[in-house]
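Chemist: Sequence and computational prediction follow.
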Amino acid sequence: MTAATVSLIEGDGIGPEITAATVRALEAAGARLAWERVDAGAGALARHGEPLPAATLESIKRTRLALKAPLATPSGGGYRSVNVALRQHFDLYANVRPARTMAGVPSRFTGVDLVIVRENTEDLYAGIEHYIDPRRTAAESIAIITRFGSERVIVYAFEYARRHGRRKVTLVHKANILKLSNGLFLDTGREVARRYPDIEFDDMIVDATAMKLVIAPERFDVIVTMNLFGDILSDLAAGLIGGLGVAPAANIGDAAGAAGAVGAVDERPCAMFEAVHGTAPDIAGKGIANPTGLMLSAAMLLDHVDQGAAAARLRSGVTAALASAETRTGDLGGRASTAQYTDAVIRAMA
Ligand code: NAD
């Protein structure tokens, strides 16, 4: 099988350290990947005068695949978030966040193994906001829900469930109150569910979901929801498994968004894989960063390009290395450096 070419963004802060560790672990796992190294974020601004150079966009447009370490976003002024810009540019409409408890990662819960699929482009995040009076004492934000946007993300959730051997999709909404917008999302879900008789389907109100997630998280398998609820619930789910530090994520688009041009003939969807945590400037350059989030994101990339055996080897190495304080990094109460942890991941690969 030929290697998949991936645009690799090393990122800022601890980005280069965790990227080097992840690339090394991927090679050891037998992944067949070829890298196109491209720049984004604060490093790109310093080197090229812009945080998201055209060459980076061109590379992703060509490869349709990106593995991305965290990027610094200035708060307040400065340039707008490159992460958001990348998602918008390639219309990466599905944000996929698995949450699974792992031995060695401190958490109040055990047996959590769920995936949240969040719609990434619509809802209150469509950016339609204005003051409704000249004195600017009242503001309005408009949530946009479309059948098109709902259907593609719900279909993605069902396809994901099928591909990963998951038994159930739960659609989360507030259609009892927001009868039109959330009602549309729910109706679309019920319609899509009929096309997947092999996958169980139910729906749940978002407030009840928040409670049930902390009472009985094992009740959930795949959750699909709109942008705002997904934003909140995916961090809640990360909290169930011990925080954002070890959480992976994927942002998935389709061929039309990936093309970025009318009339393009390439049908491959676009996908970007990234750790959920930030650039950790406080520990950058010290060789102690935990690369688990990026490694598990890379495992999702391998699944996406049908290299499931390499993905399983990488995950088995990570699971084993996390289990012992000797081989865990300091943020998880361990004693290992980034390089020592990576060595342990590679040694333990099954
Ligand atoms: P952060 O996640 O960078 O750091 C929070 C704390 O967690 C810090 O103490 C840090 O040392 C620790 N930490 C995070 N990741 C770690 C790892 N892999 N190993 C060990 N410790 C880790 O969050 P922040 O401080 O709020 O943000 C710093 C910068 O990162 C900001 O510029 C922010 O905009 C950016 N950021 C980027 C992304 C992204 O690119 N996806 C996500 C979040 C934040």
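Modeler: Received the coordinates, thanks.
Chemist: State which one residue of this protein is found closest to the ligand.
Modeler: Among the residues of the chain, residue 278 lies closest to the ligand, at 2.5 Å counting by Cβ to the nearest ligand atom. In short, each C-beta sits where N, CA and C put it, glycine included.
Chemist: next one: phi and psi at the residue lying closest to that residue once chain neighbours are set aside?
Modeler: Leaving out its chain neighbours, the residue that sits closest to residue 278 by Cβ to Cβ, 6 or more residues apart in numbering is residue 70, at 5.0 Å. According to degrees, to the nearest 10, the main-chain angles of residue 70 amount to phi -60, psi 150.
Chemist: show me what contacts residue 70?
Modeler: When contacts are counted by Cβ atoms under 8 Å, 6 or more residues apart in numbering, residue 70 touches 11-15, 274-275, 277-280.
Chemist: Now with 10 Å, please.
Modeler: By Cβ atoms under 10 Å, 6 or more residues apart in numbering, the residues touching residue 70 are 9, 11-15, 18, 41, 83, 274-280, 293-294.
Chemist: Do you know the pLDDT at it?
Modeler: Among the per-residue scores, residue 70 shows a pLDDT of 96.
Chemist: For stretch 163-177, buried residues please.
Modeler: If you call a residue buried by 16 or more other Cβ atoms under 10 Å, then stretch 163-177 has these buried ones: 166, 169-175.
Chemist: all helices for the stretch 201-350 of the chain, in order.
Modeler: Chain-ordered helices for the stretch 201-350 of the chain, with DSSP state H, counting those that start in this stretch as the definition, fall at 206-215, 227-240, 255-259, 292-304, 308-322, 338-348.
Chemist: Can you list the buried residues in the fifth one?
Modeler: Looking back up the chat, that one is helix 308-322. Neighbour counts using 16+ other Cβ under 10 Å place 310-322 of helix 308-322 among the buried residues.
Chemist: Redo those as a markdown table? Include pLDDT and distance to the ligand.
Modeler: Converted to a markdown table, the buried residues of helix 308-322 look like this (pLDDT from 0 to 100; distance: Cβ to the nearest ligand atom, whole Å):
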| residue | pLDDT | distance to the ligand |
| --- | --- | --- |
| 310 | 98 | 22 |
| 311 | 97 | 20 |
| 312 | 97 | 23 |
| 313 | 98 | 22 |
| 314 | 98 | 17 |
| 315 | 97 | 17 |
| 316 | 97 | 20 |
| 317 | 98 | 17 |
| 318 | 97 | 13 |
| 319 | 95 | 17 |
| 320 | 96 | 19 |
| 321 | 96 | 14 |
| 322 | 95 | 13 |
